[in-house]
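> Task: produce atomic coordinates for the following.
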Amino acid sequence: MGSTLLPRAFAGLRSIRSAAFVTQDSRRIYNSFTKRRASYGGTNLPSFAAPNFGFIRCDATTSPSARIITSAIHSKAHNEPVVSAEWLHANLREPDVKVVDASWYMPDEQRNPFQEYQVAHIPGALFFDVDGISDRTSKLPHMLPSEEAFAAAVSALGIYNKDGVIVYDGKGIFSAARVWWMFRVFGHDKVWVLDGGLPEWRASGFDVESSASGDAILKASAAREAVEKVYHGQLVGPATFEAKFQPHLVWMLEQIKQNIDAQTHQHIDARSKPRFDGIALEPRKGIRSGHVPGSKCIPFGQMLDNSQMLLPAGELTKRFEQAGISLDRPVVTSCGTGVTACILALGLYRMGKTDVPIYDGSWTEWGSQSDTPVTTA
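Predicted coordinates for the structure are as follows:
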């Protein structure tokens, strides 16, 4: 994977005496939500371009005010949502780079991501609990937490707004895309997915840590506890991370219902074709088979190559065009529980579509309702 403006900007930090992230954010800040996820609203939500940000560097041998140089990362850099293992290895020790293990697996896989994290992870990586950092008021799995809960959890992990966050998982590109999207939903655009994840890191010959430090384990536990405290109305520690909810990146059930007739957005389902067609049973009990009327199927695996790395933009374009998707029109994505839908959004982001919303409840919510229409092959 070729380098991007982001890696070059980070690499420049090694040759200066001090550095800090600054945000050049001139966009409109949406009103924050403080209650449960049901309060997300609006079917005609505005969109805006991702903000530019850059580094300020100061040469300690002269007056800082006389030596400040701002190196902006242009919007083109934001169209590249992944970084290579080589880049991460070269920048792993930079103080403003935080690496996050966001591994999560389907229930029928019977894998414990936290245990696997403790056995082997990228050196210095924090563990992000996809199920634990979620909405405690919802019966659906790992739904977006409130703005306050996300800020409390990320603060407990020791991540700051100035940090660049690199997310990976144990499969290649799977659940990491979900956490990439979560950070963006809460206003943090300095986030990228490690292309190929932990398998590519190890295939590149880079070391892993075989045991998590006590500090890392405590932080993971503190993040889960912080979410619980927020939902129980208890005080949490000081927030070092400020979350700013971006409603245009999230769709709810009513918006999907309205879109069936309005067709303002092309609806793409990331589940497998047999599940989409209603031929295969859903993995969760009590969920009907089939798909949302008018939606189209692009299984998430079509975004990836055989090494589970994100395909080049040209190949991605072919996949969407073959499925009848116009890249000139708005898109909304969904899947089973809002995880692999984010892989579609990751691919679309690489092609410049940076405002794709995810239907958070996805098919688990839609298929469990008695009044939602379902189409089968």
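
> can you map out the helices along the protein?
5-11, 64-67, 85-91, 113-119, 147-157, 175-185, 197-203, 214-231, 253-262, 273-277, 313-322, 341-350, 362-366 (DSSP state H).

> and the ones you listed, which one is worst for confidence?
Mean pLDDT is lowest for helix 64-67 among these, at a mean of 27.

> What's the per-residue pLDDT of residue 36 here?
What the model reports for residue 36 is a pLDDT of 34.

> Likewise for the one 3 residues further on?
Looking at residue 39, its pLDDT stands at 38.

> Same check on residue 159?
For residue 159, pLDDT reads 97.

> Same question for the one 5 residues further on.
Here, the pLDDT recorded for residue 164 equals 96.

> Quick check: it vs residue 121, distance?
18 Å (Cβ to Cβ, to the nearest Å). In short, each C-beta sits where N, CA and C put it, glycine included.

> now swap in residue 100 and tell me
For residue 100, the distance to residue 121 - Cβ to Cβ - is 10 Å.

> and if you look at residue 135?
Distance from residue 135 to residue 121, by Cβ to Cβ: 26 Å.

> Same drill for these two, tell me which one is more crowded.
The neighbour count for residue 135 versus residue 121, taken as other Cβ atoms under 10 Å, is higher for residue 121 (24 against 21).

> right, and the more buried one touches residue 208 too?
Yes: in this structure, residue 121 is within contact of residue 208 by Cβ atoms under 8 Å, at 6.1 Å.

> Between the two, which contacts overlap?
Contact criterion Cβ atoms under 8 Å, 6 or more residues apart in numbering; residues shared by residue 121 and residue 208: residue 198.

> how about the strands in this structure?
Ranges of strands in the chain, per DSSP state E, are 18-24, 52-58, 69-73, 82-83, 97-101, 126-127, 164-168, 191-194, 250-251, 266-269, 296-297, 331-334, 358-359.

> give me every residue that touches the residue nearest to residue 123 when sequence neighbours are not counted.
Residue nearest to residue 123 in three dimensions, not counting chain neighbours: residue 209, with 5.0 Å by Cβ to Cβ, 6 or more residues apart in numbering. Listed by Cβ under 8 Å, 6+ apart, the contact partners of residue 209 are 120, 121, 122, 123, 124, 125.

> Can you pick out the most distant pair from these?
120 and 124 (13.3 Å; Cβ to Cβ).

> Looking at these two, which has the bigger crowd around it?
The residue with more neighbours, out of residue 120 and residue 124, is residue 120; 17 against 13, by other Cβ under 10 Å.

> May I have the phi/psi pair for that one?
Torsion angles at residue 120 (phi, psi; degrees, to the nearest 10) stand at phi -160, psi 120.

> what sits against the residue nearest to it when sequence neighbours are not counted?
Nearest residue to residue 120, sequence neighbours excluded (Cβ to Cβ, 6+ apart): residue 208, at 4.4 Å. Going by Cβ under 8 Å, 6+ apart, residue 208 touches 120, 121, 122, 123, 198, 201, 202.

> how far away is residue 375 from residue 361?
18 Å.

> higher neighbour count, those two?
Remark: of residue 375 and residue 361, residue 361 carries more neighbours, 24 against 14, as counted by other Cβ under 10 Å.

> Where does pLDDT dip in the stretch 1-150 of the chain?
Within the stretch 1-150 of the chain, the stretches with pLDDT under 70 are 1-79.

> Quick check: bridge partners of residue 126?
Residue 126 has the following beta-bridge partners by DSSP bridges: residue 100.

> Assess the claim that it and residue 157 are in contact.
Yes: using Cβ under 8 Å, residue 126 is in contact with residue 157, at 5.0 Å.

> Spit out the residues that contact the two alike.
In contact with both residue 126 and residue 157: 98, 100, 219, 220, using Cβ under 8 Å, 6+ apart.

> for those, which one is nearest residue 275?
Distance to residue 275, by Cβ to Cβ, is smallest for residue 100 among these, at 28.9 Å.

> what's the burial count for the closest one?
24.

> if I look at it, how far off is residue 279?
Residue 100 sits 36 Å away from residue 279, going by Cβ to Cβ.

> quick one, phi/psi of the residue nearest to residue 120?
Phi and psi for residue 208, reported as degrees, to the nearest 10, are phi -120, psi 160.

> And it, how close does it get to residue 364?
33 Å.

> before we move on, back to that, among the contacts of residue 208, name the buried ones.
120, 121, 122, 198, 201 (16 or more other Cβ atoms under 10 Å).

> thought the first one was touching residue 211?
No: with the criterion set as Cβ under 8 Å, residue 120 and residue 211 do not qualify as a contacting pair; they are 9.1 Å apart.

> Give me the phi and psi angles of residue 84.
phi -80, psi 160.

> Next: residue 195.
Here residue 195 shows phi and psi, under degrees, to the nearest 10, equal to phi -60, psi 120.
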